[in-house]
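A.B. asks: below are the sequence and a predicted model; questions follow.
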Amino acid sequence: MGWKGTLRSVNAAIRAAERDAQRRHKQAVKEQISNDAAEAVTGWKEYTDNLVSVHTNLAESINWTSILNQPRPIEPKLNTHHLDAAQEQIKNYKPGFFDFLRGGQTRIVRRLNEALKEAPEQDRLDFETAHYEYLNALEEWEVDRNLADRLLAGDANAIKEVISELQSLSDEALIGSAISFVIEDNFIHAKPEVHSDEIIPSFRRKQLASGRLSETKMPAGQFNELYQDYVCSVALKIGGDLFQILPLEEVYVTCQTHMLNTKTGYKELTPILSVQFVRPTFLSLNLSQIDPSDSLGNFNHVINFKKTKGFAAITPLKAD
């Protein structure tokens, strides 16, 4: 092959390599677009799923009857564990041959006698530590038992104490910005301030057959129903948490949000859902499988919702 043929072969190889590099680059870009689209769709779905499943993660249950019946802590007694052990070591000590040769017997006996002398003080220190822990446990037992007794009697102040200790009810960002309570004997009305419908995404996402991301405006009906499920999920969450931490047979929950008052032109805190939850019925629900909006059919509730318009103001079940 002449030099021209060699040059043509080299150029052809270079062009082939360039085409292969371009093909691989296009494939990589396509795969990245597809991966980004899949990730965006997954993120959108996880977010919307979380909005309507707030109620599936309830607070830890507190058994106040069990707390009331807990036995009184046992007061410790001064024991002689260290003294007994020291005496036993002296009693069982027998000098060894090498102890004698090295002159170590005297040192060993002296050390054992020192341990015997110090043993009563060690026993006393152990007793003081145990007694201090006992006094703390006794105080905690008395406080918990007193609170449990008052709660089981439906005392309003006891309910307030528990609520004030467990304000984590409103810590979860999805619940809303605040929560207030009306508390009387054997009665509690929780009023969470839920997020407005701005928490609902205004778009839908899906991945096309080409791998690219499709983002379209969410229809008004789907948007409103998603917000309805979110509000109902929050109501279920609050009701469930209250049943978990309080020995009450029924609780009231009224969800509020800031809505435009067309009479004044300003947004006002407005009740949009009010529910009377009853313990036996609530505990019978399979929370992970229910539709939040449909599940409220099991309870006395007030709602003014239209798929085309969304929520409207209501009068709560309990005016307080």
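C.D. replies: Structure received.
A.B. asks: excluding chain neighbours, what is closest to residue 77?
C.D. replies: residue 127 (7.7 Å; Cβ to Cβ, 6 or more residues apart in numbering). For every residue, glycine as well, the C-beta is placed using N, CA and C.
A.B. asks: for the one you found, report the pLDDT, please.
C.D. replies: If you check residue 127, the pLDDT there is 79.
A.B. asks: list phi and psi for it.
C.D. replies: Dihedral pair for residue 127: phi -70, psi -40, per degrees, to the nearest 10.
A.B. asks: ok, it touching residue 80?
C.D. replies: No - the pair residue 127 / residue 80 is not scored as a contact, 10.1 Å apart, by Cβ atoms under 8 Å.
A.B. asks: elements contacting the one helix or strand residue 151 maps to?
C.D. replies: Using DSSP states H and E, residue 151 sits within helix 105-152. In terms of contacts (3 or more Cβ pairs under 8 Å, 6 or more residues apart in numbering; DSSP states H and E), helix 105-152 is packed against helix 64-68, helix 81-92, helix 156-165.
A.B. asks: okay, those helices in TSV with mean pLDDT and mean neighbour count next?
C.D. replies: TSV is the format used below for these (pLDDT from 0 to 100; neighbours: other Cβ atoms under 10 Å):
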stretch	mean pLDDT	mean neighbour count
helix 64-68	94	14
helix 81-92	66	14
helix 156-165	89	16
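A.B. asks: can you put those in CSV and add distance to residue 272?
C.D. replies: Listed next are the helices and strands packed on helix 105-152 as CSV, based on distance: least, Cβ to Cβ, whole Å:
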stretch, distance to residue 272
helix 64-68, 32
helix 81-92, 66
helix 156-165, 23
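A.B. asks: and stretch 190-201, how far out from the chain's middle?
C.D. replies: Relative to the centre of its chain, stretch 190-201 is centred 19 Å away, using Cα atoms, centre = their mean, to the nearest Å.
A.B. asks: cool, and stretch 302-310?
C.D. replies: How far stretch 302-310 lies from its chain's middle: 30 Å, per Cα atoms, centre = their mean.
A.B. asks: where does pLDDT dip in the stretch 51-200 of the chain?
C.D. replies: Low-confidence segments of the stretch 51-200 of the chain (pLDDT under 70): 83-84, 86, 88-109, 112-113, 115-117, 119, 166-172.
A.B. asks: switch the cut-off to 50
C.D. replies: Where the stretch 51-200 of the chain drops to pLDDT under 50, the residues are 102, 169-171.
A.B. asks: which secondary structure elements does the helix or strand where residue 183 lies contact?
C.D. replies: Element membership for residue 183 (DSSP H and E) is strand 178-184. Here strand 178-184 touches helix 156-165, strand 187-193, going by 3+ Cβ pairs under 8 Å, 6+ apart.
A.B. asks: which of the residues in it are buried?
C.D. replies: Buried residues in strand 178-184, defined by neighbour count with 16 or more other Cβ atoms under 10 Å: 179, 181, 183.
A.B. asks: again with stretch 48-65
C.D. replies: 48, 51, 52, 53, 54, 55, 56, 58, 64.
A.B. asks: residues contacting residue 219?
C.D. replies: By Cβ atoms under 8 Å, 6 or more residues apart in numbering, no residues touch residue 219.
A.B. asks: one more: the one 5 residues further on?
C.D. replies: Residues in contact with residue 224, defined by Cβ under 8 Å, 6+ apart, are 197, 305, 306, 307, 308, 309, 310.
A.B. asks: using a markdown table, please lay out those together with distance to residue 247.
C.D. replies: Formatted as a markdown table, those follow (distance: Cβ to Cβ, whole Å):
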| residue | distance to residue 247 |
| --- | --- |
| 197 | 36 |
| 305 | 33 |
| 306 | 38 |
| 307 | 39 |
| 308 | 43 |
| 309 | 40 |
| 310 | 37 |
